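Chemist: My questions concern the predicted model and sequence given below.
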Amino acid sequence: MRMTDLKPGWTILGNDGRKIGTIDHVGQNYVDALRISFRGHMYIPATHIANVERQVVYLNLAKDEAEDMGWEQPPREADHPDSEPDADLHRHI
């Protein structure tokens, strides 16, 4: 699966099975998640996505760990997904 295959509205779970939020926007290196426990967004790096199955994104850390990572700040640089399929080949999850 590639980052460009992820869609808004999909559920995001920690590796403990607890819901973190839902996808709001997908970038090349981050997923912008709408959080359920706190208002606002969480910008989850693609490197912390462990698996994707049936419209559910599983992270490689627990919900509490994800919430303590300081991911509330948006990326400093624009994170638009590469629109060309070949350009996204390096970002498989």
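Modeler: Yep, it's here.
Chemist: who are the neighbours in contact with the residue nearest the centre of the chain?
Modeler: For the chain, the residue sitting closest to the mean C-alpha position, by CA atoms, centre = their mean, is Val31 at 3.2 Å. Val31 makes contacts with Met3, Leu6, Ile12, Ile23, His25, Tyr43, Ile44, Ala46, Ile49, Val57, as judged by CB atoms under 8 Å, 6 or more residues apart in numbering. C-betas here are computed from N, CA, C, even on glycine.
Chemist: which one of the residues you listed sits closest to Glu72?
Modeler: Tyr43 (7.5 Å; CB to CB).
Chemist: wait, isn't that closest one in contact with Gly70?
Modeler: No - in this structure, Tyr43 is not within contact of Gly70 by CB atoms under 8 Å, at 9.7 Å.
Chemist: quick one on the thing from earlier: what does the model give the residue nearest to the centre of the chain for pLDDT?
Modeler: Looking at Val31, its pLDDT is 95.
Chemist: Locate it within the secondary structure: which element?
Modeler: Element membership for Val31 (DSSP states H and E) is strand 30-35.
Chemist: Residues contacting the helix or strand following that strand, please?
Modeler: Counting by DSSP H and E, the next helix or strand C-terminal to strand 30-35 is strand 41-45. Identification of contacts with strand 41-45 by CB under 8 Å, 6+ apart yields 12, 20-21, 24, 29-35, 59, 66-67, 71-75.
Chemist: Mind jotting down where the helices sit in the protein?
Modeler: 63-67 (DSSP state H).
Chemist: for it, what spans make up the strands?
Modeler: 11-13, 19-26, 30-35, 41-45, 49-53, 56-59 (DSSP state E).
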